[in-house]
Structures are given as structure tokens and as C-alpha cells.
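S.K.: I would like to see how this sequence folds:
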Amino acid sequence: MFKPSIVIDIDETLISNKLYDINLIHNWFNSDPENFNIILDNNPELKNIDIQTMKVVPEPDKLYLTHFIFDNNLYIIMMRPFLKEFILSVNTYFNVYVYSLGTFSYIKYITEAIIKLIGFNPFICIMSNPDSDIREYIKKISKLDLDFSNILIIDDRIDVWVSDSHRLYQISKYSQPYVYNPNYRRKFELSEFLNQTNSNQNPKSSTDPASTDPASTDPASTEPTPTEQIQPKYLLSSDTELKKLILALNAYFCKYPNQIFNIYIFRSIIREIEED
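M.R.: Next comes the predicted model:
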């Protein structure tokens, strides 16, 4: 019997990305290196970058996959834990397809990095949007010309699979590490942090009416200064979603070899793993 097919998403399924405007980084670094060090403390993925060349020197024990410059933005790509093992596992059991709504050039950078990581090309087909303003926002298995009865889809989003969601296992969204402030429960992106630091460097005078506004002294409405930033909290290292899928696939194909892939049985095996 032919292998079943697996269709895998890229963004926030296999990898996470963070992008930085290159001009913004250069301008801030050149204008005030001291405050740029504060930004580095709050965006640790920038610490291994040569600011002048925008080259990344990865740490061997981290989950760095690749980096590239695209549309004047620096993209830093982090792989989900057990990515290599997962691709090797699914390649054993499935014909492997990639289906992303990202643009062709963007997805090419990432898939080439994955191919380099595992040492060969496991992908039969890589489907993406073109490098143009004409893009699709819905995924359809029919575009891949596959046997509808023998497919597994892995994606962090179910909303993009309007007609094929019953074939999907929805994986949890994989996010980059970010600076986490427990007082405000929100992300601090680089651009926002720069604006915030600028405002702190130009405090309002005591004669400014806004400075005497009761709301301005309300602790709940006061934004922390850069020196008050909470240390980064990482959301990457504890992720075991791909490991769970590897275990479930091994268990499934050990028990049901050479059969039409059954998503319902597969989901039940995952539930059993989660309960153990």
C-alpha cells in the first residue's frame, strides 16, 4: 500500500520567527549605544548579532535555525524542540508536504534551513503564496492533488482549513521568547520599547497639565521604565508538542501498519499519551 501523506504548516507549527526593522536597529544603536544595551537585555535573540553586518552567531545549545534579511527586516528563526526528530519520523511513515500561507521566498529560506539540518530533502512538494500582493488565505488539500482518504494535516490553525479541518490535528501555537511583564500581561516588541524609552528620556515638565492628572499617578496606568523591565521569560524550551507527535505516530503505525490513516484513532492515541 502507498504511504499516507502528511501536510505540515511552517509558521508557529514547526518554527517561530521574530523580525526587526534593520533601519530601526541601526539608527538606535548609532544614536545611543548605552540604551541599545538595555534593548538587548529585553530582546536576547539580538545579543548574538553583529549589528554592523546583521550576521547571527548562534549558540550551539539554543534552538536557533536560521536568519535572513527579507523586505529590509531581519528575521530570526527558532525551531520547535524535536524538529529534526519529528521530520525524520514523519518521513518514515508519510509522503511529506509543506503547505504555508507565507510567501515563496520566505518559506524557501526556512525549508532550506530544515533540509540542511536533517541532511536531505524530505519534502515532495512545498506549497506557499507567491511573492506578490495576490495571496490566498485559505488552504485546500485539492491544490496538492492528494488522495483525500489517506491524509494527516498538522497545523496550529484550524480556521484556514475550511473544507479539510476534519483531517487536521491542531498543534499548539509555537511562540518566540518574549519579555514578559506580569504587571501588564503583554509583549514588549522592539519598536514599542524604543518609543517607550524615548518618552522616558523626555519627561513631561511639572507644569504640563497631564503631569497632574490623577490617572498619571495611578500605579495601574504607569508604564515601567527600561530599568524596571522584567527579565525575559522563555516559552520555547519546555515545548514537547513534536515529541508527543513522534510517540503517537510510532504507536499508531506499530499497531496499524499498512492501513488507511485514521485521524480519529490517531487523536485517541494522543489523548492516551497526554493522560499518562
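S.K.: quick one, strands of the chain?
M.R.: All strands of the chain, identified by DSSP state E, fall at 5-8, 15-21, 49-50, 55-56, 64-70, 73-79, 95-103, 123-129, 151-155, 168-170, 180-181, 186-187.
S.K.: look at the closest residue to S89 other than its chain neighbours and say how many residues are nearby.
M.R.: Using C-beta to C-beta, 6 or more residues apart in numbering and skipping the chain neighbours, the partner closest in space to S89 is I246 (4.7 Å). For the C-beta atoms, the positions are set from N, CA and C on the backbone; glycine is no exception. Applying other C-beta atoms under 10 Å, we find 17 residues neighbouring I246.
S.K.: look at I246 and report its pLDDT.
M.R.: Looking at I246, its pLDDT is 97.
S.K.: before we move on, what about D218?
M.R.: pLDDT, D218: 44.
S.K.: what of P58?
M.R.: 71.
S.K.: quick one, what contacts the nearest residue to it once chain neighbours are set aside?
M.R.: With C-beta to C-beta, 6+ apart as the criterion, P58 has its nearest non-adjacent residue at 3.8 Å, and that residue is Y64. By C-beta atoms under 8 Å, 6 or more residues apart in numbering, the residues touching Y64 are 48, 56, 58, 76-79.
S.K.: show me what Y64 is bridged to.
M.R.: In this entry, Y64 is beta-bridged to M78, by DSSP bridges.
S.K.: one more: the one 10 residues further on?
M.R.: Beta-bridge pairing of L74 under DSSP bridges involves Y20, I69.
S.K.: so it touches Y20, yeah?
M.R.: Yes: the pair L74 / Y20 is scored as a contact, 4.7 Å apart, by C-beta atoms under 8 Å.
S.K.: burial check on the nearest residue to P130 once chain neighbours are set aside, number of neighbours?
M.R.: In space, and not counting its chain neighbours, P130 is closest to F104: 5.8 Å by C-beta to C-beta, 6+ apart. Neighbourhood size, F104 [other C-beta under 10 Å]: 14.
S.K.: tell me if I'm right that F104 and M127 touch.
M.R.: No: checked against C-beta under 8 Å, the pair F104 and M127 is beyond contact range at 9.7 Å.
S.K.: can you pull the contacts of the closest residue to T111 other than its chain neighbours?
M.R.: Nearest residue to T111 in three dimensions, chain neighbours excluded: I126, at 5.6 Å (C-beta to C-beta, 6+ apart). For I126, the contact set (C-beta under 8 Å, 6+ apart) comprises 97-98, 100, 107-108, 111.
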